[in-house]
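J.: attaching a predicted model along with its sequence, questions to come.
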Amino acid sequence: MRTPLVVGNWKMHGGIAEARVLATAIREGLKRPRGVEVAVCPPYTSLAAVAEVLSGSPIAWGGQNCHWEDKGAFTGEIAPGMLAELGCRYVLLGHSERRHTFRETDEEINRKVVAALRHGMRPVLCVGETDEERRQGLTFTVVEGQLRAGWSGLSPEDLARCVLAYEPVWAIGTGANATPAQAAEVHGYLRGLVSEVASKELAQSTRILYGGSVKPDNAQALTQEPDIDGVLVGGASLQAPGFITIAKKSAARSGASKE
Ligand code: PEP
């Protein structure tokens, strides 16, 4: 049983005042979301304010990244315990901007996944191929390597708390989303892999989100695919009305979970 999950990644946009306004509008627009779970990942400086606004509402919040150590001389980094202390339920890990702009390795991402779980958060592990890798027919190879490495060494209990996000790099922030068929093909492959890496049961319960230029007008077609269990939204999560529409259109049609 999989309840679709819609996560807004605000990236490095907006200060505290804007975050309060955006979080308040999302809270008011999604007072009783049916058949969908919703979370937002604001910049670190706005997390406390967003937590205050969303506390007691059905909307969760999370971090956009974290370090693998609990403390130490890591100037500019954020520890997983610091996010957990602010009530973060989720943390995005291995986002393509982290992998490509900040050169994060699979090994580092795995350590972050382990650290997030240790602090009671649910890691949203992002995987996805570049345009060039897709052209070379390497899509499955790339996402398989990222998934196996990112989840390396996790116990079945840990795996049960993990979320996956397929985010083709060529679709992020470009306006060119993967078609539902393209996304569904990779999601099906990933679900098969989860079955192999973990178990059939886990493959049935793991949520695999799609991310990459999701907008109000393509969310429904994407999430209607049986293996697409929600969306990770960047740019379109910065406008409350559009994000609310995306959440509503991603809800399981009958209000029930996907099986
Ligand atoms: C993202 O940052 O995870 C993302 C999918 O961005 P966008 O929706 O803007 O493509």
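T.: Now that the structure is in, tell me what you want to look at.
J.: list the contacts of Leu30.
T.: Residues near Leu30 by CB atoms under 8 Å, 6 or more residues apart in numbering: Val38, Pro58, Ile59, Ile244, Ala247, Lys248. Using the backbone N, CA and C atoms, a C-beta is placed for each residue, glycine as well.
J.: who are the neighbours in contact with Val169?
T.: Ser96, His100, Gly128, Glu129, Thr130, Asp131.
J.: will you turn the contacts of Leu30 into TSV that also has pLDDT, neighbour count and distance to the ligand?
T.: Shown next, in TSV, are the contacts of Leu30 (pLDDT from 0 to 100; neighbours: other CB atoms under 10 Å; distance: CB to the nearest ligand atom, whole Å):
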residue	pLDDT	neighbour count	distance to the ligand
Val38	98	28	15
Pro58	98	13	22
Ile59	98	23	18
Ile244	98	19	15
Ala247	98	28	14
Lys248	98	19	17
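J.: on that earlier part again, drop anything exposed from the contacts of Val169.
T.: Buried subset of the contacts of Val169 (neighbour count, 16 or more other CB atoms under 10 Å): Ser96, Gly128, Glu129, Thr130.
J.: what packs against the helix ranked longest in the chain?
T.: If you go by DSSP state H, the chain has its longest helix at helix 180-197. In terms of contacts (3 or more CB pairs under 8 Å, 6 or more residues apart in numbering; DSSP states H and E), helix 180-197 is packed against helix 139-150, strand 163-166, helix 200-205, strand 208-211, helix 219-223.
J.: how much does the longest one deviate in direction from helix 180-197?
T.: Think helix 139-150. Going by axes from the mean of the first three to the mean of the last three CA atoms, to 10 degrees, helix 139-150 is angled at 40 degrees with respect to helix 180-197.
J.: contacting residues around helix 139-150?
T.: Contacts of helix 139-150 with the rest of the structure, by CB under 8 Å, 6+ apart, involve 93-94, 106-107, 109-110, 113, 125, 127-130, 133, 164, 166, 168, 186, 189-190, 193-194, 197.
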